[in-house]
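> curious how this folds, go ahead:
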Amino acid sequence: MARDNILLTYVVVDVLFVVTGALLIIFSINTQIEIAKPFTKDNVVKDLLLGMCPLNAAVGNAVLVFVTFLLSIPAIVMPTTRTWLKIHGYMTVVCAIFTLVLGLDIWFETLKTRSNLAVIWSAQPADTQSLIQQVLGCCGYMNSTSPPFVKDATCPNALVAAAQLGCVTPFSGEANNFLDLVFTGAFGIVGIDAVLVILTAIVLKDRKEKERYRFIDEKNGAGAF
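Numbering: from 1, shown residues only. Predicted coordinates for the structure are as follows:
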């Protein structure tokens, strides 16, 4: 890689890095707005699943990303400094660990989806449970009797309800698909962080070499004089 392109590549990835922070905070704010809306058939399943995401932690992660990006600005505009680069590199590692922990936490949640959804289901009023039944075409949580189904257009009586699946199967399927996308996105952000850390090390090495050559040139120049 030509030396003129080293810093440019670093800047490009640094911009991608701050974009991930923007995406995190946009996702968190939009999610908080979305889950505050009344449940309807169109949003009940999605909003309940969104509520499973660690939104406050995601906002904190985004703020840390923005702070880290600001620390990179002196490193970019001062072509000989290495101190700011080192600080930025360490902070990027912290951001990567933070995001990785969030991703792993969501991944672990997928391992106990059914128990988590049971808590969510039991916490909902009958009208919300009815919406879930209508959207997913199911009756009750485990089955029509455990816990008892809510009478609605999908489950009008015990006979029809008994012939339907419990909501745990389609609900957990939706949850796993959704959470898979979320933690995959988190791991993708960690990948960008890792690339930025590598590029920071490359820029540090390049600047160290330039500093050494500059010192040699100054020494030779002084000697010749």
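> what stretches of the chain score poorly on pLDDT?
Scanning the chain with the threshold set as pLDDT under 70 gives 1-4, 213-225.
> may I ask you to name the longest helix in it?
Longest helix of the chain, by residue count under DSSP state H: helix 168-224.
> in space, not sequence, find me the middle residue of this structure.
Ala186 (3.8 Å; Cα atoms, centre = their mean).
> ok, now which ones touch that residue?
99-100, 102-103, 106 (Cβ atoms under 8 Å, 6 or more residues apart in numbering). For the C-beta atoms, the positions are set from N, CA and C on the backbone; glycine is no exception.
> those residues in strands, which ones?
Within the contacts of Ala186, no residue falls in strands by DSSP state E.
> which one among the residues you listed gets closest to Ala123?
Distance to Ala123 across the contacts of Ala186 (Cβ to Cβ) is lowest for Ile106, with 19.9 Å.
> surely the closest one and Leu179 touch.
Yes. Between Ile106 and Leu179 there is a contact under Cβ atoms under 8 Å: 5.6 Å.
> mind checking how far Asp127 is from Gly166?
19 Å (Cβ to Cβ, to the nearest Å).
> coming back round to it: quick check, nearest of the contacts of Ala186 to Ala62?
Among these, Thr99 lies closest to Ala62 (Cβ to Cβ), at 9.9 Å.
> is it true that the closest one touches Asn61?
Yes. Thr99 is within contact range of Asn61, at 5.9 Å (criterion: Cβ under 8 Å).
> which of these two has more neighbours?
Remark: of Thr99 and Asn61, Thr99 carries more neighbours, 28 against 22, as counted by other Cβ atoms under 10 Å.
> so where do the helices sit in this protein?
With DSSP H as the criterion, the chain has helices spanning 3-35, 44-50, 55-77, 83-110, 113-123, 126-136, 158-162, 168-224.
> ok so, going back, now the longest helix of the chain against helix 3-35, angle please.
Angular relation of helix 168-224 and helix 3-35 on a 0 to 180 degree scale: 150 degrees, by axes from the mean of the first three to the mean of the last three Cα atoms, to 10 degrees.
> any idea of the angle helix 168-224 forms with helix 55-77?
20 degrees.
> could we number from 197 for the rest of this?
With 197 as the first residue, the last one maps to helix 364-420.
> sorry, back to before: Ile302 and Leu375: which is more packed in?
Ile302 (22 against 19).
> any idea how far Gly247 is from that one?
Taking Cβ to Cβ, one finds Ile302 at 13 Å from Gly247.
> quick check: neighbours shared by the two?
With Cβ under 8 Å, 6+ apart, Ile302 and Gly247 have no common neighbours.
> stretch 231-246: which residues count as buried?
Applying a neighbour-count criterion of 16 or more other Cβ atoms under 10 Å, the buried positions in stretch 231-246 are 231, 235, 239-246.
> ok, now stretch 364-374?
364, 366-368, 370-372, 374.
> any chance of CSV for these, columns distance to Leu307?
Converted to CSV, those look like this (distance: Cβ to Cβ, whole Å):
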residue, distance to Leu307
Val364, 15
Pro366, 19
Phe367, 16
Ser368, 11
Glu370, 16
Ala371, 12
Asn372, 10
Phe374, 15
